[in-house]
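**Student:** sequence first, then the predicted structure:
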There are 2 protein chains.
Amino acid sequence: MELELVKWLRSESGMELLGDDAAAVDGKVFTVDMLTEGVDFILSEVEPELIGRKSLAVNLSDIAAMGAKPESVLVAISFPCGDSAENLSLAKKLYSGMKPLLEKYDVKILGGDTNCWDNGLVISITAIGSILPQGVLKRSGAKAGDSILVTGELGGSILSRQFLFEPRVFESIYLNQNHSIHAAIDISDGLAIDLYRLAVESNLGAILYSDNIPISKDAIICSRNSGRKPIEHALSDGEDFELILAVPPEESTRLIESQPLLNRFGTRLFSIGKFTDDKKMLIKNSDGIIKNLECKGFVHK
Amino acid sequence: MELELVKWLRSESGMELLGDDAAAVDGKVFTVDMLTEGVDFILSEVEPELIGRKSLAVNLSDIAAMGAKPESVLVAISFPCGDSAENLSLAKKLYSGMKPLLEKYDVKILGGDTNCWDNGLVISITAIGSILPQGVLKRSGAKAGDSILVTGELGGSILSRQFLFEPRVFESIYLNQNHSIHAAIDISDGLAIDLYRLAVESNLGAILYSDNIPISKDAIICSRNSGRKPIEHALSDGEDFELILAVPPEESTRLIESQPLLNRFGTRLFSIGKFTDDKKMLIKNSDGIIKNLECKGFVHK
């Protein structure tokens, strides 16, 4: 529904909405993500600390996708009504899960709102970041011929990374400050669908080279049960929260050779394809055959 | 629970949290309010436009309580899963309810997040405002001897004003720019409890003069069914969203005599009591007898 709604809002109000992972205004970027029980987490199956961590990390990832520096958040939570002491304990665990990220990235909680109701747990976090002198990375900045880079292995996040992923905050700031990056997006719904979103905003197509896509061990494990190939998991699983970057070819070559993020942050860059000016979404498989890329992935209803 | 959680967070992190209606940082104020089905509205009984209006208006009221100018919002919504066309229609109605306030106060929607889940409707809005050169109005600024002013009649908001109240945005900006106002808070949970909150942050007590409290027609109507006096409704009903102001006595006299908001915005100021340095919360009734003020009202669980 989100896409239809955004289209309607754009036409209704002339607003420039949601083209990017965050809105950029007056030197700041702003983003909001609402996580709900049963969709983003199963309260009875996951440590509350991990839920708290994830609800913050998805927002930090959005700020990272803009090449900005996260500064502060506002946290709104609705708890299932019930035992007040239990909810206070739950609230403390949620916060304890956020704390390491708050400290690591020097992010302050500016304020919040807590309520209770006869329904599931809801956490909505608004994150605010500051724009670097280099400006923001937008989805619309990719050029035909740019290399497609990703910041890590993909697929199978459901096994653990959906809660434990590291938002690529430091990586993004470093790249924005020191390298020529044309565009960025984070992989929230899947490599193929998020690459497609970036390509659409840049008015381009893209071709992926199947052999170059880094496949996580988790994707291989998942494929044993799913009956799907590991590469399919890497292409369509959501919640990897790695960055997709559009980088001019010569800069891409430098980055892949020198891997500047590796000794700084332990993060390796992979070059997995190229943006093209024909608006087609393609994938070149191991056998050399080029097929249409199915841009499926988690789609917000 | 909110108070306990905030206490814990303050001690845990050294954060200056939630002392005011909004957080003030770098020339901006930030606030968030999450509205949930069954608590803040009954989806089957209220026009969605009114729900949209209210979810925005409560945030604008928080910005007004800071004496700041609202600028932009981020809107996160989780819809009950079901018919996608129905939800799109609901989303449009929510937005249509917000639109008149967005236009009136020149507020932009910066971004948002929409989801669906197998639970009730949740709307979380984060509002951002700019701080005027005169600075913000804080809860902690009241001085002993200051008059207590309110911006309108109180009680019985449940009949309609809980959805149709006008956030005192223009009034607050005008007063902050042109008059000496020491402190402010908006009445979200009830006159007595919100006055108490302001008094606590200012390290003061307060005395209300029962005869001076403006009682709304709705409070009188409510009292017919509730068996409680209209003044009790005025003291303890929530969601009036009028402002309580702490104003130096001579400035208060000028404001009450000249009523500068009346011809500008149709808003009358009432002087209803005084802040005191004894930390007691009192009310002087019509018969001249002074009693303890019950600081009850809607309390967040």
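**Tutor:** Received it, and whenever you're ready, just let me know what you need.
**Student:** C-alpha from now on. contacts and neighbour counts both.
**Tutor:** Will do.
**Student:** could you pull out the strands in the stretch 201-301 of chain A for me?
**Tutor:** A:205-209, A:243-247, A:270-276, A:281-284, A:290-292 (DSSP state E, counting those that start in this stretch).
**Student:** direction included, what does the longest one pair up with?
**Tutor:** In the sheet containing strand A:270-276, the strands it pairs with under DSSP bridges are strand A:147-150 (antiparallel), strand A:205-209 (antiparallel).
**Student:** need the ones you listed in a markdown table with mean pLDDT, mean neighbour count and distance to A:S271, can you?
**Tutor:** Formatted as a markdown table, the strands paired with strand A:270-276 follow (pLDDT from 0 to 100; neighbours: other CA atoms under 10 Å in any protein chain shown; distance: least, CA to CA, whole Å):
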| stretch | mean pLDDT | mean neighbour count | distance to A:S271 |
| --- | --- | --- | --- |
| strand A:147-150 | 98 | 25 | 4 |
| strand A:205-209 | 98 | 23 | 9 |
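**Student:** where does the stretch 101-250 of chain A dip in pLDDT?
**Tutor:** Regions of the stretch 101-250 of chain A meeting the criterion pLDDT under 70 are absent.
**Student:** using PDB, write out every CA atom in the lengthiest strand in chain A.
**Tutor:** Secondary structure assigned by DSSP state E gives strand A:69-80 as the longest strand of chain A. Only the C-alpha atoms of strand A:69-80 are listed here, as PDB (Å, rounded to 0.1, in the frame of the first residue of the first chain):
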ATOM      1  CA  LYS A  69      25.700  11.200  10.800                       C
ATOM      2  CA  PRO A  70      23.000  10.000  13.300                       C
ATOM      3  CA  GLU A  71      22.500  12.300  16.200                       C
ATOM      4  CA  SER A  72      19.300  11.700  18.100                       C
ATOM      5  CA  VAL A  73      16.100   9.700  18.300                       C
ATOM      6  CA  LEU A  74      12.600  10.000  19.600                       C
ATOM      7  CA  VAL A  75      11.100   6.700  20.800                       C
ATOM      8  CA  ALA A  76       7.300   6.000  20.900                       C
ATOM      9  CA  ILE A  77       6.100   2.700  22.400                       C
ATOM     10  CA  SER A  78       2.700   1.200  23.000                       C
ATOM     11  CA  PHE A  79       2.800  -1.800  25.300                       C
ATOM     12  CA  PRO A  80       0.200  -4.500  25.700                       C
END
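**Student:** does chain B sit close to it?
**Tutor:** Yes - using CA under 8 Å from any CA of the partner chain, we find that strand A:69-80 touches chain B at A:74-78.
**Student:** ok, and the most crowded of the residues you listed?
**Tutor:** Greatest neighbour count in these, by other CA atoms under 10 Å in any protein chain shown, goes to A:V75: 26 neighbours.
**Student:** picking up where we left off before, so for B:K28, which of the strands of the stretch 201-301 of chain A sits nearest?
**Tutor:** Nearest to B:K28, of all the strands of the stretch 201-301 of chain A, is strand A:243-247, at 29.9 Å by CA to CA.
**Student:** list the buried ones in the biggest helix by length in chain A?
**Tutor:** Ranked by number of residues, the top helix in chain A under DSSP state H is helix A:84-104. With burial defined by 16 or more other CA atoms under 10 Å in any protein chain shown, the residues of helix A:84-104 counted as buried are A:87-88, A:90-99, A:101-102.
**Student:** now check it, is it near chain B?
**Tutor:** Yes - Helix A:84-104 comes into contact with chain B (CA under 8 Å from any CA), by way of A:84, A:87-88, A:91-92.
**Student:** check stretch A:22-41 too.
**Tutor:** Yes - contact of stretch A:22-41 with chain B (CA under 8 Å from any CA) involves A:22-23, A:30-34, A:36, A:38-39.
**Student:** pLDDT of that stretch, averaged?
**Tutor:** Averaged across stretch A:22-41, the pLDDT comes to 94.
**Student:** what's next to that stretch, contact-wise?
**Tutor:** If you take CA atoms under 8 Å, 6 or more residues apart in numbering or on different chains as the criterion, stretch A:22-41 is touched by A:17, A:21, A:43, A:51, A:55, A:58-59, A:62-63, A:66, A:68, A:120-131, A:136, B:74-78, B:110-115, B:117-118.
**Student:** how many other residues sit next to A:S210?
**Tutor:** Using other CA under 10 Å, A:S210 has 20 other residues around it.
**Student:** over to A:L43?
**Tutor:** Close neighbours of A:L43, defined as other CA under 10 Å, add up to 14.
**Student:** mind listing what it touches?
**Tutor:** A:37, A:121.
**Student:** for it, give its distance to A:L208.
**Tutor:** As judged by CA to CA, to the nearest Å, A:L43 and A:L208 stand 37 Å apart.
**Student:** next one: A:Y174
**Tutor:** To A:L208, A:Y174 is 25 Å away according to CA to CA.
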